[in-house]
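A.B. asks: What shape does this take:
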Amino acid sequence: MRLNFNILDSFYFVYLQAQKTTKMNLSTPQINVNKSQEELYQFLSDFNNFSKLMPENTDKFELTENGFLFALKGMPTIKLKLQEKNPFSKIVLASASDQFPFTLTANILENNGKAKANFEFEGKFNPMISMMVKKPLQKFINTLNENIEKL
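C.D. replies: Presented below is the predicted three-dimensional model:
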């Protein structure tokens, strides 16, 4: 049996593929921070401090009512808003855009009077977008992690 596909079938197939979403989970290794768990939580609760953690190629950083927005050179602006806070252990920021739903979580643990921390990114994207953004997103959260280690 021979399958005949015309151009409309091809476009429909591409459309269906674009509608599928896959979950993307990225994380950084846990690092030791020269602050107590409470101090690090307070530092990250002040969203202005995220400007100190951003990559060098940050083109824009602005505080918003319940979060912040930023843009890296050559990239669109991303707006993050507070979604959840668990005192001294977790801060979850969520995308303010329904078009690209994702969360960025800062996990903070206590380790002999000092903090241990890492970042987790979780999002749902279509496979094509996932391929394009996976490496830059991993690099971004790695930079946040590296900069928090320098505090």
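A.B. asks: now the one helix or strand residue 79 maps to, how far from the centre of its chain.
C.D. replies: Here residue 79 is covered by strand 78-86, with elements defined by DSSP states H and E. With CA atoms, centre = their mean, to the nearest Å as the basis, strand 78-86 stands 10 Å off its chain's centre.
A.B. asks: hmm, who's touching it?
C.D. replies: Taking CB atoms under 8 Å, 6 or more residues apart in numbering as the criterion, the residues outside strand 78-86 that touch it are 45, 47, 64, 66-71, 90-97, 103-104. Placement of C-beta: from N, CA and C, glycine included.
A.B. asks: Write a PyMOL command that selects only the buried members of the residues you listed.
C.D. replies: Below is the selection syntax for PyMOL that covers the buried ones among the contacts of strand 78-86, with 16 or more other CB atoms under 10 Å defining burial:
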select buried, resi 47+67+68+70+71+90+91+92+93+94+95+104
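A.B. asks: What about the contacts of strand 78-86, which are in helices?
C.D. replies: Mapping the contacts of strand 78-86 onto helices (DSSP state H) picks out residue 45.
A.B. asks: hang on, the earlier thing: output the strand holding residue 79 as PDB, nothing but the C-alphas.
C.D. replies: Backbone C-alpha positions of strand 78-86 (Å, rounded to 0.1, in the frame of the first residue of the first chain) are rendered in PDB as follows:
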ATOM      1  CA  ILE A  78      11.800  37.700  29.900                       C
ATOM      2  CA  LYS A  79       9.500  38.600  32.700                       C
ATOM      3  CA  LEU A  80       9.600  36.500  35.900                       C
ATOM      4  CA  LYS A  81       7.100  36.800  38.800                       C
ATOM      5  CA  LEU A  82       7.100  35.300  42.200                       C
ATOM      6  CA  GLN A  83       5.100  32.000  42.300                       C
ATOM      7  CA  GLU A  84       6.000  30.500  45.600                       C
ATOM      8  CA  LYS A  85       8.200  31.000  48.600                       C
ATOM      9  CA  ASN A  86       9.000  28.500  51.300                       C
END
